[in-house]
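Undergrad: Sequence plus the predicted model coming up.
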Amino acid sequence: MNARGKITLLTFFFALCGTGAVVTAYLQARADANVKPSELYAVIDRQLSCLRGGDFPHAYAAASAAIQQRYSVQQFADMVQMDYPGLTHVNRAQYGATQTNGRRATMQVFLIGENGEVMPCVYNLVRESGGWRIDGARLMPPWPKDMKMDGTTL
């Protein structure tokens, strides 16, 4: 193959890769635009309700396939009770910022306990074939007792 043919072939492959990058970015932006925060809220609210009621099998059902592969229902229940005991005493949740990236989402959640204590938490969610599932949660230290959320009257 002569030099002109090589340059033409190389240019074609660069154009093909560039087109693929543009199409991928477009499809990802479109998928992000289709995420309704209310769908994410519903998944978290449902799991918190199950945890509050001690219904660990149904709370486990809201967990991602990766979590379910790692833990059995009993191991999940033990983990929640040992590592996340505040989740079983949440009265309500206030939702903050949400970031989506294709089939993944991160959501800031302020969990308000029975005693009015505010526990900030970051939830990671993943869209699977059955819908959105919780792929992890990171509890932050509770706020000081005298610190209130804007607009919250406790």
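TA: Everything's here; your move.

Undergrad: can you give me the helices in this structure?
TA: For the chain, the helices defined by DSSP state H occupy 3-33, 37-52, 56-61, 65-70, 73-83.

Undergrad: C-alpha coordinates for the third one, PDB please?
TA: It refers to helix 56-61. Presented in PDB, the C-alpha positions along helix 56-61 are these (Å, rounded to 0.1, in the frame of the first residue of the first chain):
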ATOM      1  CA  PHE A  56     -35.000  -6.900  55.600                       C
ATOM      2  CA  PRO A  57     -36.000  -9.200  52.700                       C
ATOM      3  CA  HIS A  58     -37.900  -6.500  50.900                       C
ATOM      4  CA  ALA A  59     -35.100  -3.900  51.800                       C
ATOM      5  CA  TYR A  60     -32.700  -6.400  50.300                       C
ATOM      6  CA  ALA A  61     -34.800  -6.500  47.100                       C
END
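
Undergrad: Report all helices and strands that that helix contacts.
TA: The helices and strands touching helix 56-61, judged by 3 or more Cβ pairs under 8 Å, 6 or more residues apart in numbering; DSSP states H and E, are helix 37-52, helix 73-83. For the C-beta atoms, the positions are set from N, CA and C on the backbone; glycine is no exception.

Undergrad: Then the fourth one?
TA: Using 3+ Cβ pairs under 8 Å, 6+ apart as the contact criterion, the secondary-structure elements in contact with helix 65-70 are strand 131-139.

Undergrad: on that earlier part again, of all the helices and strands packed on helix 56-61, which one comes closest to Glu117?
TA: Comparison of these against Glu117 by Cβ to Cβ identifies helix 37-52 as nearest, at 14.7 Å.
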